[in-house]
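Colleague: coords please:
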Amino acid sequence: MIVSTVNKDLNFTPFSSLPPELLIEIFSTCSLTGDWHIPITLSKVCCLWRELIISSPSIWQVIVVLDSRRSMSSIRTQAELWVARSSPLPFNVVIKLSDFERLLPIMSCFLPNLARWMRCTITYDGRIIETSLSDLTLSSPRRILHHLDILLKTPFEDVAGDDEDDIIFFPCGSTTYRHISMKVATTKLPHAEIVNPLLFTSLDISETAFQHSVRSPDLLRFLAHCPNLEHLYFHGLSNDEGTLDAPPPAIALLRLHTLLLDEICNQRSILSHLYVPALRELHLRHINVDYPLEPYYVPEEGDSDDESHDFSQSPHSDLHTGMGIRKLLSRSRPPLEILDMDLSDMRTKDFRWVFDKLPDLKQFSIVGSDMSDSVVSLFMPFTLGDGDRQERDEERWSVRLPQLSVLKMYSCQQLSGDALVKALSARVQYTDQATPDATLATVIISSCNHFTARNAQELSWDLHDRLHVS
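Modeller: Numbering: from 1, shown residues only. So this is what the prediction gives:
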């Protein structure tokens, strides 16, 4: 009853005679010193205050987010309301964290309004981290979310001598465009349902400890909230995730241009559940492992033994890599131009299948492969149609990888030099005449022990200065 009387009489107190500008200044100061909901609380005091607060964008310019015991839906609602009511003015964000794992979901609430976001202050465990997104030397540049770097580790725990902040914005660009990048540390990827769409065009995820590794279903669900990705890099720790209980979701990344998977064991489940119709570059690095891996959750066509029975030091990862690439190409049919395999191998049957499905490939690079002469022979021309024809001039010839112009082979110790000379000489003799605009322009053969100086001399007769040997 007392509160009701005070509210009714408030318009007759000295407050009612204060200039609106002074009231706005007072309210703005109050919004910095108390709980996050102070503007809402003050607006309930009387009609005068409510009208003044709602119509004054400057009161809403500082958005204080307290995440303790609050749901993400509540935080998201607050962010949307404060951003809307502070328009068209810029706003600053103050995040007071009790759980560092919630940082990225909270930040995602403000990223859609990057053009007006000026400063961010984060407090956590006695630390204060401040970063500015404004740049007074530029005149209202257009801001674009560029790169998100996620380190999977305990926040603020020193790793390999890295003493940089575990959360930071770093802008770069020109007077027209301002590319905004972000780095954040977290022990796990946030649940997809609590993250707003992350419209970065580039994403780098790095595992730093086995206890913080990512299972492929969690990675794929997170990627579903990154629809603008053009470049994706995932660095793991070769941690076998075991057998999946259920199929991971199939995720469409319609703009993805470059995909790099490094030192992981779940390459099959990742590659098999991506739809990437614009993919131009696929880089697989340090994926070979010499220990058994758990079988895939469901058998697929091609899982049978390799009929060639070629030697392999990494038969389990060879199977997973080859089957993953098969599914990726079957699902997406991308115009892949670069395939880079560094200590990442496939079975002979997978090389044959993949080479037959890459008509646009221009560059193939492989390091430390156990590929045999059977794979090398796939570079040779082959006949189409009737195999009973005896006259070469009557037969129709073709080559796998018809656009291949750059071939790089490093430390491939199982193939023979004679097989490589035979295959590449036959290829260039054919393509130099039949498709001179799509023939080998650069061949690099390095540290392949069975490729001798004699082999190099023989191959140079056809390749000339296109051959580089070391």
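Colleague: could you pull out the buried residues of the host helix or strand of Asp350?
Modeller: Using DSSP states H and E, the element containing Asp350 is helix 348-356. Within helix 348-356, the residues scored as buried using 16 or more other C-beta atoms under 10 Å are Thr348, Lys349, Asp350, Phe351, Arg352, Trp353, Val354, Phe355. Where C-beta positions appear, they are placed from N, C-alpha and C, glycine not excepted.
Colleague: heading C-terminal from it, find the next helix or strand.
Modeller: Using DSSP H and E, the helix or strand that follows helix 348-356 in sequence is strand 363-367.
Colleague: how much does that following strand deviate in direction from helix 348-356?
Modeller: Taking axes from the mean of the first three to the mean of the last three C-alpha atoms, to 10 degrees, one finds that strand 363-367 is oriented at 160 degrees with respect to helix 348-356.
Colleague: what lies in contact with strand 363-367?
Modeller: Strand 363-367 is contacted by residues 337-343, 401, 404-412 when judged by C-beta atoms under 8 Å, 6 or more residues apart in numbering.
Colleague: please repeat the previous calculation with a cut-off of 7 Å.
Modeller: Contacts of strand 363-367 from elsewhere in the structure, counted by C-beta atoms under 7 Å, 6 or more residues apart in numbering, are 337-343, 401, 404, 406-412.
Colleague: out of these, which two sit at the greatest distance?
Modeller: With distances taken as C-beta to C-beta, the most widely separated pair in these is Glu337 and Ser411, at 23.8 Å.
Colleague: now do the helices in the protein.
Modeller: Under the criterion DSSP state H, helices of the chain are mapped to 2-9, 20-33, 38-43, 47-54, 72-86, 103-108, 216-223, 267-271, 315-332, 348-356, 373-376, 417-434, 453-463.
Colleague: mean pLDDT and distance to Ile144 added to these, as a markdown table?
Modeller: Putting those into a markdown table (pLDDT from 0 to 100; distance: least, C-beta to C-beta, whole Å) gives the following:
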| stretch | mean pLDDT | distance to Ile144 |
| --- | --- | --- |
| helix 2-9 | 45 | 48 |
| helix 20-33 | 74 | 30 |
| helix 38-43 | 79 | 31 |
| helix 47-54 | 80 | 32 |
| helix 72-86 | 91 | 19 |
| helix 103-108 | 91 | 16 |
| helix 216-223 | 94 | 20 |
| helix 267-271 | 96 | 27 |
| helix 315-332 | 97 | 26 |
| helix 348-356 | 97 | 35 |
| helix 373-376 | 96 | 43 |
| helix 417-434 | 96 | 42 |
| helix 453-463 | 96 | 44 |
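Colleague: for those, which one sits closest to Arg280?
Modeller: Nearest to Arg280 among the helices of the chain is helix 315-332 (11.6 Å), distances taken as C-beta to C-beta.
Colleague: what packs against that closest one?
Modeller: In terms of contacts (3 or more C-beta pairs under 7 Å, 6 or more residues apart in numbering; DSSP states H and E), helix 315-332 is packed against helix 267-271, strand 274-275, helix 348-356.
Colleague: repeat that with 6 Å
Modeller: Packing contacts for helix 315-332, counted by 3 or more C-beta pairs under 6 Å, 6 or more residues apart in numbering; DSSP states H and E, involve helix 267-271, helix 348-356.
Colleague: got these as JSON lines, with distance to Asp149 columns?
Modeller: Converted to JSON lines, the helices and strands packed on helix 315-332 look like this (distance: least, C-beta to C-beta, whole Å):
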{"stretch": "helix 267-271", "distance to Asp149": "19"}
{"stretch": "helix 348-356", "distance to Asp149": "31"}
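Colleague: so for Phe110, which of those helices sits nearest?
Modeller: Taking C-beta to C-beta, helix 267-271 is the member of the helices and strands packed on helix 315-332 nearest to Phe110, at 29.6 Å.
Colleague: so which elements touch the closest one?
Modeller: So helix 267-271, by 3+ C-beta pairs under 6 Å, 6+ apart, packs with helix 315-332.
Colleague: now the helix it packs on against helix 348-356, angle please.
Modeller: In this structure, helix 315-332 runs at an angle of 30 degrees to helix 348-356, with the same axes, to 10 degrees as the basis.
Colleague: buried sites along helix 315-332?
Modeller: Using 16+ other C-beta under 10 Å as the burial criterion, the residues of helix 315-332 that qualify are 315-329, 331-332.
Colleague: shaky segments in the chain?
Modeller: Within the chain, the set of residues satisfying pLDDT under 70 comprises 1-18, 32-35, 134-140, 158-165, 173-175, 385-395.
Colleague: go again with 50.
Modeller: 1-6, 8-10, 12, 161, 163, 387-392 (pLDDT under 50).
Colleague: residue closest to the middle of this protein?
Modeller: Among the residues of the chain, the smallest C-alpha distance to the mean C-alpha position (C-alpha atoms, centre = their mean) belongs to Leu232, namely 2.4 Å.
Colleague: re earlier: quick one, which of the helices and strands packed on helix 315-332 gets closest to Pro39.
Modeller: Closest to Pro39 of those, according to C-beta to C-beta: helix 267-271, at 45.0 Å.
Colleague: need the contact partners of the closest one.
Modeller: In this structure, residues lying in contact with helix 267-271 by C-beta atoms under 6 Å, 6 or more residues apart in numbering are Ser216, Pro248, Leu261, Ile287, Tyr296, His320, Thr321, Met323, Gly324, Leu328.
Colleague: ok so, going back, just the helices of the chain: most buried one?
Modeller: Looking across those with neighbours counted as mean count of other C-beta atoms under 10 Å, the highest average goes to helix 267-271: a mean of 25.
Colleague: quick one: that one to chain centroid distance?
Modeller: The gap between the average C-alpha position of helix 267-271 and the chain average comes to 14 Å, counting by C-alpha atoms, centre = their mean, to the nearest Å.
Colleague: stretch 360-371 too?
Modeller: 22 Å.
Colleague: mind checking the end-to-end distance for it?
Modeller: One end of stretch 360-371 sits 22 Å from the other (C-alpha to C-alpha, to the nearest Å).
Colleague: try stretch 268-286
Modeller: End-to-end distance for stretch 268-286, by C-alpha to C-alpha: 14 Å.
Colleague: just the buried positions in it, please.
Modeller: Neighbour count says stretch 268-286 has 268-276, 279-286 buried, by 16+ other C-beta under 10 Å.
Colleague: residues in contact with Asp360?
Modeller: With contact set as C-beta under 6 Å, 6+ apart, Asp360 has these partners: Pro335, Glu337, Gln403.
Colleague: my bad, Arg143
Modeller: Contacts here follow C-beta under 6 Å, 6+ apart; on that basis Arg143 touches Leu114, Ala115, Arg178, Ile180.
Colleague: show me what it is bridged to.
Modeller: Using DSSP bridges, the bridge partners assigned to Arg143 are Arg178.
Colleague: if we can go back for a sec, report the two of the contacts of helix 267-271 separated the most.
Modeller: Largest separation among these by C-beta to C-beta: Pro248 and Ile287, giving 18.1 Å.
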